[in-house]
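1. Okay, predicted coordinates and the sequence, questions at the end:
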Amino acid sequence: MEIYLIRHTTPRVPTGTCYGVTDLDVADSFLEESAMIKKLLPNQLFKIYTSPLQRCAKLATHIFDQPLITDKRLVELDFGEWEMRAWDDISPQEMEPWMQDWVTQSPPGGESYQALYNRTVDIFQEVMSRNEDAIIIAHGGVIRAIIAYVQQIPLKDSFQMKLPYGGIIRLQFERGKVDILPIFPKE
Ligand SMILES: Cc1cc2ncn([C@H]3O[C@H](COP(=O)(O)O)[C@@H](O)[C@H]3O)c2cc1C
């Protein structure tokens, strides 16, 4: 069984903005970016799972002419009161508790990375149990949580992996073992 993890294309948002659950549109480069992603995927049948947010759902709809499985558990971290503020405008005092432990602490009014991990693993286990090749189109935090789960590494180490917009990772499951193969960018 193969499961591809794809991060959405560039969102339409000024650089340096904090966004997670905000439903941003895609940038002007969408057609170009989605064509590149499509070219890197094999021509075979997949079940397609997507986050409901536009930056993921538009890519799914654009590339795949088949029914999609849209699941709320695949949305990005809820940054609460910080959503759509410039990171530089969030005061160090406000940021301090989260910076101390961004795995278990939530941004004010938001969600902890541990909570995101729990809901992500929940759907990921469902996907695996179906035993069908699948593509999951989601967000940076969600994809890193899945990688942390399959590698059994601590969540605090999961942000070391490079994962740009349009990033693709292939998970190959064989005889109880999983290989993690970067498709874009190649390592
Ligand atoms: C703990 C944690 C800290 C983060 N800091 C930024 N992002 C992430 O949240 C934003 C939205 O992701 P996307 O563009 O893939 O939808 C990005 O800025 C990304 O870096 C984080 C995500 C998590 C889970």
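-> Sure thing, it's come through.

2. Pick out the residue in this protein sitting closest to the ligand.
-> Of all residues in the chain, residue 141 sits closest to the ligand, at 2.6 Å by Cβ to the nearest ligand atom. Every residue, glycine included, has its C-beta placed from N, CA and C.

3. Let me know the pLDDT of that residue.
-> At residue 141, the pLDDT value in this model is 98.

4. again with residue 176
-> Value listed for residue 176 in the pLDDT field: 88.

5. Repeat that for the one 3 residues further on.
-> According to the per-residue confidence, residue 179 scores 97 in pLDDT.

6. That one is in contact with residue 171, isn't it?
-> Yes. Counting by Cβ atoms under 8 Å, residue 171 is a contact partner of residue 179 at 7.3 Å.

7. So between those two, which is more surrounded?
-> residue 171 (20 against 11; other Cβ atoms under 10 Å).

8. So that one, which state does it fall into?
-> Secondary structure for residue 171, judged by DSSP: H, G, I helix; E, B strand; the rest coil, is strand.

9. Tell me the bridge partners for it.
-> Beta bridges link residue 171 to residue 3, residue 180, judged by DSSP bridges.

10. does residue 98 sit in a helix, a strand or a coil?
-> helix.
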